[in-house]
Each structure stands twice: as C-alpha cells, then as structure tokens.
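S.K.: Sequence first, predicted coordinates after that:
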Amino acid sequence: MTEPTGALDPDGRPSRVTKVVRVAPFLLIALSALADAESTSGQQYDRYLVAAPALAASVWGAGTTLFVGLLAMVAEAARGLIHDGRVGRPAVSVMAVIFTVSLAAAYAARVRVRRERDLAEVRSVARTAQQVVLRPLPDRLGSVELALYYKAAAAQSQIGGDLYEAVRTPHGVRLILGDVQGKGLPAVETAAALLGSFREAAYDAETLAELAARLETSLQRYAERASTRDSAERFATAILMEIPEDRPEAFLLNCGHPPPLMLNPDGVRAVHPDVPLPPLNLSSLVASEYRTETVPFGPGDRVLLYTDGVSEARDQNGEFYPLAERLAGWTGESSAGLLDDLRNDLTKYSGGAAADDVAVLIAARHVPEGP
C-alpha cells in the first residue's frame, strides 16, 4: 500500500482523527456489505460504496485509493452474485460509477500528497532557517539563567520579525531582544542582518553604547545593499542588556522598545529610559546619544524582555493585555512556569489568534546553593 499521509501532531505522528479516517474507507465497505446482506426490506446499501475511494483520497495515496476502489467494486460484484446469481446491469452501473470516482479520487490523492511533501520541505527549510537565524538558547550562561518563549504569527512559519540572542563575553552575558518593523521575508532578512552583527560585535564592543552604535552602522550598510526598497527602509526596536559576572548589577540600553520588567518578590517594576532613544536604523534621522541605564541585579533577581506582540495583544473588546498586572501574580513561579502561565493566559486573552510575533525572554541571576 502507498505510505499513508494526512494531518500530523506537532511531534510528527498521525493525529487521532487521521488514524480514524484511514480505517474509515475499509470500514464503510464492510458495513455496506453487511447491511445489504442483513436487509430484509429490499433496501440496497451499495450506493455507499461509491464514497469509499473518495474518503480514502483524503488520507491515503493514489495507489491505496485505487485499491479501495477495487475492493468496493469487488464488494458490489459479490452483492450481485449473492442476490441475483449474476452481475447484472444495476451492479455494472454501480461498479462503473465506483471506477470513475476511484480514478478522480486517485488523481486528487496524488496532488494532495505532492502538496503535502512540498509543505513538509518548506517546514524543514523554516526549521533550518530558525536554527541558523534564531538559535536555541542555553538554559544557563555563566551565572545567568535563561528562559524563552517564541511564537511566529504566521501559522506555518517557524520564524518572524522578532529576534533574540544571548552570548557570554569578556564583559559578561550580553543579550538582545528586538522587533523588526513589518512582517514576512523582508523582516526576517533584516532580523538576520541585525543578529549577525550582534553576534560579532557583542564580544568586542567595550560598552552597550558602542555595541548599539555598531548595530546601527550595520543596519545602515545593510540598507544600502538591500534587495528592495522595502527592506532598506525597515527599522528595528531593541533592548540590549549586559549582566556582569562580578557585581550585582546590570546595564540596559533601550532603542525604542517596550520597557523591560524587573521581577522580584516585591512585585514588578518597569525600567523606562531617562532619555528615549529611536529604533535602530533611524538614528541618522533623529539626533541622539546612546545612554545606558544601570539597575540592581543580584542573586534571585529576574528581568523579563518582551516584544509588542505581548503588550499590544487585544481582547475582544480591544483592550491591551495587562502584562505587568498579570506578572505580579506569578512572581513566585520559576521562569519556565511563569512563561507557561503567560503563554496560556495570552492565548486565552486574545482568543487564540496571534496578530503579531511574540518573543519573551527571562534572564535571572543564579542563586548559589547553600553550604
């Protein structure tokens, strides 16, 4: 038989519905034959045999679909022999219809399988692109523990315009979380350019201000050689963060991004910049000087970085998601548990429809184990 296809669960195994539908064509043939044999009122059930190959085409390949059609024709011929002692005109007519439907269903199955394979290849490319552009973060870098939640808005996409990265450098752990303006492949291209620059400059730049300047220069150069004007005009909001290994503080630099949230048992506090800075790739239009904020960040302290896919999510009444208010009730949870609560609550709040990419990164100072 042809290798079965159909809907798969996220882990790559056939879904329960698919498993049931795979058996349905054979079950339909058996039940039709049984009902016809047990009928005492002259009611004929062979008309249901026509549906068998059509049903098979939804989850099986062309070969199995034709095989199901052949079984249906054999069942119809057997019905004629049992009832009339011969395969008469009525049976031949039904078999002709089954044959025609089987050919059409086999063609539809072949087209469906080809499209499913193409989609599988696209998903494979998307997964590879995500691993190259948005690499998985380790659970810990030095004394900094990390937890991430990322979801692209496009249903079949693995990557969008939101970006993140964390690297351990001689200056401490440096992080970036950003959001490229717009959607689609141009936004992904810009995100890739920005991340490539960050991964290179994060090790060499002496300060976050120098790092931001280098990211700005990199995006400007990217804009000069961008394939389309749309790509060249894209900008990105971003949060840069540096967590030194040897002292209980952290440095933040905000380029037009939603303010990070400091989490501790006392509550949630937003860190707003003293002087607002423009997004990256817009500094040439707005005179600005990069300024860094210093915040206490000792053992047990956590910071939550997020994109506007979280803060600007709306409910059915158009109200924005109350992120800080929700987080205040979860400060006692682990970072992984907090992200689970946030994901579930955000999905429920927005009705399950993601209008924008979502990225949430939690960085926590490790608490040393007691003696």
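M.R.: Alright, I've got the coordinates. Since this is a predicted model, take the numbers as computed values, not measurements. Numbers count the residues shown, from 1 in each chain.

S.K.: Could you measure from the closest residue to residue 36 other than its chain neighbours over to residue 31?
M.R.: Once flanking residues are discounted, residue 36 sits nearest to residue 45: 4.4 Å by CB to CB, 6 or more residues apart in numbering. Where you see a C-beta, it was placed from the backbone N, CA and C, and this is true even at glycine. Here the distance between residue 45 and residue 31 works out to 8 Å (CB to CB, to the nearest Å).

S.K.: which of those two has more neighbours?
M.R.: The neighbour comparison of residue 45 against residue 31 (other CB atoms under 10 Å) goes to residue 45, with 16 against 12.

S.K.: what's near enough to touch that one?
M.R.: If a contact means CB atoms under 8 Å, 6 or more residues apart in numbering, then residue 45 has 32, 33, 35, 36, 39 as its contacts.

S.K.: Point out the least confident one among the residues you listed.
M.R.: Per-residue confidence across the contacts of residue 45 is lowest for residue 39, with 65 (pLDDT).

S.K.: can you tell me how far the residue nearest to residue 36 sits from residue 94?
M.R.: Note on residue 45: its distance to residue 94, by CB to CB, is 11 Å.

S.K.: May I have the secondary structure class of residue 28?
M.R.: On the three-state scheme (DSSP: H, G, I helix; E, B strand; the rest coil), residue 28 is labelled helix.

S.K.: Count the residues that sit near the nearest residue to it once chain neighbours are set aside.
M.R.: Distances taken as CB to CB, 6+ apart put residue 52 closest to residue 28, at 5.0 Å, once the chain neighbours are dropped. Residues near residue 52, counting by other CB under 10 Å, number 28.

S.K.: oh, and call the first residue 5 from now on, that's how I've got it
M.R.: In the new numbering, first residue 5, that becomes residue 56.

S.K.: would you say residue 56 is within a strand?
M.R.: No: according to three-state DSSP, the state of residue 56 is helix, so it is not within a strand.

S.K.: From residue 170, how far off is residue 151?
M.R.: Using CB to CB, residue 151 is found at 11 Å from residue 170.

S.K.: any residues in contact with both of the two?
M.R.: Taking CB under 8 Å, 6+ apart as the contact criterion, the residues that touch both residue 151 and residue 170 are residue 365.

S.K.: was I right about residue 247 contacting residue 148?
M.R.: Yes: checked against CB atoms under 8 Å, the pair residue 247 and residue 148 is within contact range at 5.3 Å.

S.K.: overlap in contacts of those two?
M.R.: Residues touching both residue 247 and residue 148 (CB under 8 Å, 6+ apart): 177, 367, 369.

S.K.: Minimum pLDDT in those, which residue is that?
M.R.: The pLDDT minimum for the shared contacts of residue 247 and residue 148 sits at residue 369, where the score is 93.

S.K.: Quick one: find the helix or strand in this structure with the lowest mean pLDDT.
M.R.: Among the helices and strands of the chain, helix 233-236 carries the lowest confidence by mean pLDDT, DSSP states H and E, at a mean of 64.

S.K.: immediately after that one, which helix or strand?
M.R.: Scanning forward in sequence from helix 233-236 by DSSP states H and E, the next helix or strand is strand 240-247.

S.K.: That next one - contacts with which helices or strands?
M.R.: Packing partners of strand 240-247 (3 or more CB pairs under 8 Å, 6 or more residues apart in numbering; DSSP states H and E): strand 176-184, helix 188-205, helix 212-229, strand 253-259, strand 306-310, strand 362-369.

S.K.: Out of these, the one nearest residue 141 is which?
M.R.: With CB to CB as the criterion, residue 141 lies closest to strand 362-369 of those, at 7.7 Å.

S.K.: what about this structure, any weak spots by pLDDT?
M.R.: Residues of the chain that meet the criterion pLDDT under 70 lie in 5-21, 43-48, 130-131, 133-136, 157-164, 230-236, 288-292, 357-359, 373-375.

S.K.: At which residues are the strands of it located?
M.R.: With DSSP state E as the criterion, the chain has strands at 144-145, 148-155, 166-173, 176-184, 240-247, 253-259, 265-268, 271-274, 297-300, 306-310, 362-369.

S.K.: Same list, those, but as a markdown table with mean neighbour count and distance to residue 316 please.
M.R.: Formatted as a markdown table, these follow (neighbours: other CB atoms under 10 Å; distance: least, CB to CB, whole Å):
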| stretch | mean neighbour count | distance to residue 316 |
| --- | --- | --- |
| strand 144-145 | 17 | 29 |
| strand 148-155 | 20 | 14 |
| strand 166-173 | 21 | 13 |
| strand 176-184 | 25 | 11 |
| strand 240-247 | 25 | 12 |
| strand 253-259 | 22 | 17 |
| strand 265-268 | 20 | 15 |
| strand 271-274 | 14 | 15 |
| strand 297-300 | 13 | 23 |
| strand 306-310 | 24 | 10 |
| strand 362-369 | 24 | 10 |
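
S.K.: Dump the ones you listed to a markdown table, plus distance to residue 323.
M.R.: Supplementary listing: the strands of the chain in a markdown table, determined by distance: least, CB to CB, whole Å:
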| stretch | distance to residue 323 |
| --- | --- |
| strand 144-145 | 37 |
| strand 148-155 | 21 |
| strand 166-173 | 22 |
| strand 176-184 | 21 |
| strand 240-247 | 23 |
| strand 253-259 | 25 |
| strand 265-268 | 19 |
| strand 271-274 | 19 |
| strand 297-300 | 29 |
| strand 306-310 | 18 |
| strand 362-369 | 18 |
